[in-house]
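Enquirer: Build me a structure from this.
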Amino acid sequence: MPPVSHFRAFLGWLKEFLWFVLIFFYNLANLVVRPGPLRGRRRPIVIVADFFCSPLYYLPLRRALARAGFPVYLAKPGHIFRPLREQGRRLSRMLEDWKIEDGILLTHGAGGLAALSLSDASRQRIEHLISLGTPFHGTRLFLWTPYISALRDTAVGSDYLLINRMNALLFTSFTPFIAWQDEWIVPFTLARFGQGRDLVFDQVGRYNLVRSKENIATLVEYISDYYSEQPRPVPEPPGKTGKSSAKKSAKAKKKAQKSPARPARKR
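Expert: Numbering: from 1, shown residues only. As a prediction, this is how the structure comes out:
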């Protein structure tokens with residue numbers, strides 16, 4: 001990747017600060033507004049929110065994916081005072097309630113860590129895990145907050161990460177995206193999953209990953225190209241015609257069973 005210019009980095013951090021301020025207002029609005037799923041005819045996508053983000057924060061990304069034909073669900077499995085293992089169980093129940101099959105799990109930040117503790121049955125509902133800025137190796141930024149459950153789980157060397165970090169490879173497909181620099185992962189070398197899997201955006205910041213128009217366009221293009229299959233046929237609800245034809249076939253079957261077989265006519 002070519003080096004990022006100082007101006008581009010400065011502009012990226014300026015936008016990142018703006019998104020961080022807006023998070024507060026999105027969280028307040030989420031107390032009143034609860035966005036439902038958007039329907040589509042391609043593979044379902046479940047967006048899993050980061051710790052400090054409300055589902056409303058991902059509306060631009062959701063809208064772009066829905067325009068590409070994907071049904072999109074927004075999931076917020078927990079907050080910083082709920083352990084990541086419990087958040088994983090809540091996410092499992094969401095996938096089951098939504099009846100997700102062959103889905104794409106698009107996780108942001110710590111939402112990707114919660115997805116690592118999905119049950120085996122829930123993991124089988126997911127075809128592809130895509131993470132955006134998820135610190136699979138943890139961060140040293142929250143070492144001073146061991147009394148907060150979820151932040152303790154994201155710290156370097158935590159029991160949760162040691163046990164679950166490699167579960168990302170249990171998904172059929174796994175793609176980690178990271179920013180060129182992220183202030184929440186200290187040191188930033190811990191942001192890389194490794195094994196040559198990382199795809200690096202030439203922008204800075206955790207929130208630019210899901211708010212920058214350029215990044216959103218890149219994500220939608222990547223997912224659309226990766227899953228370029230034809231749209232799935234939507235089953236039509238049974239109408240009057242379907243019911244009447246079913247009744248006719250049932251009557252014909254009963255009539256055939258009652259009537260005795262006729263002997264063959266001799267010539």
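
Enquirer: In contact with Tyr57, which residues?
Expert: 22-23, 26, 49, 210-211 (CB atoms under 8 Å, 6 or more residues apart in numbering). C-betas here are computed from N, CA, C, even on glycine.

Enquirer: ok, now Gln203?
Expert: 4, 8, 12, 179-180, 209, 212, 214-215.

Enquirer: from those residues, which ones fall inside strands?
Expert: 179-180 (DSSP state E).

Enquirer: Mind checking which of the contacts of Tyr57 are buried?
Expert: Buried members of these, scored by 16 or more other CB atoms under 10 Å, are 23, 26, 49, 210-211.

Enquirer: Pull out the buried residues from the contacts of Gln203.
Expert: With burial judged by 16+ other CB under 10 Å, the buried subset of the contacts of Gln203 is 12, 179-180, 209, 212, 215.

Enquirer: ok, so of those residues, who is nearest Leu190?
Expert: The closest of the buried ones among the contacts of Gln203 to Leu190 turns out to be Ala179 (CB to CB; 13.2 Å).

Enquirer: Does the closest one touch Val204 like I think?
Expert: Yes - between Ala179 and Val204 a contact is recorded at 5.7 Å, counting by CB atoms under 8 Å.

Enquirer: just to revisit the earlier point, dump the contacts of Tyr57 to CSV, plus pLDDT.
Expert: Shown next, in CSV, are the contacts of Tyr57 (pLDDT from 0 to 100):
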residue, pLDDT
Leu22, 88
Ile23, 89
Tyr26, 87
Ala49, 96
Val210, 94
Arg211, 93
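
Enquirer: want to throw those into CSV with distance to Ile104?
Expert: Shown next, in CSV, are these (distance: CB to CB, whole Å):
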residue, distance to Ile104
Leu22, 26
Ile23, 24
Tyr26, 23
Ala49, 15
Val210, 15
Arg211, 20
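
Enquirer: farthest-separated two in these?
Expert: Leu22 and Ala49 (14.3 Å).

Enquirer: Need the phi and psi values for Gln203.
Expert: Phi and psi for Gln203, reported as degrees, to the nearest 10, are phi -130, psi 160.

Enquirer: Look up how far Ser224 lies from it.
Expert: Gln203 is 21 Å from Ser224, where distance means CB to CB, to the nearest Å.

Enquirer: cool, and Ile100?
Expert: Ile100 is 19 Å from Ser224, by CB to CB.

Enquirer: Out of those two, name the residue with the larger neighbour count.
Expert: Per other CB atoms under 10 Å, whichever of Ile100 and Ser224 has more neighbours is Ile100, with 21 against 14.

Enquirer: where's that one relative to Gln181, distance?
Expert: Taking CB to CB as the measure, Ile100 falls 33 Å from Gln181.

Enquirer: can you check Leu209 too?
Expert: Distance from Leu209 to Gln181, by CB to CB: 12 Å.

Enquirer: Equivalent analysis for Thr218, please.
Expert: 17 Å.

Enquirer: Looking at the two, which has the bigger crowd around it?
Expert: The residue with more neighbours, out of Thr218 and Gln181, is Gln181; 18 against 15, by other CB under 10 Å.

Enquirer: could you list every residue that touches the nearest residue in space to that one that is not next to it in sequence?
Expert: Using CB to CB, 6 or more residues apart in numbering and skipping the chain neighbours, the partner closest in space to Gln181 is Val204 (4.4 Å). Contacts here follow CB under 8 Å, 6+ apart; on that basis Val204 touches 4, 9, 12-13, 16, 179-182.

Enquirer: Out of those residues, which is nearest to Val156?
Expert: Asp182 (14.7 Å).

Enquirer: The residue nearest to the closest one when sequence neighbours are not counted - how many residues pack around it?
Expert: Spatial nearest neighbour of Asp182, excluding adjacent residues (CB to CB, 6+ apart): Arg206 at 5.1 Å. Residue neighbour count, defined by other CB under 10 Å, stands at 27 for Arg206.
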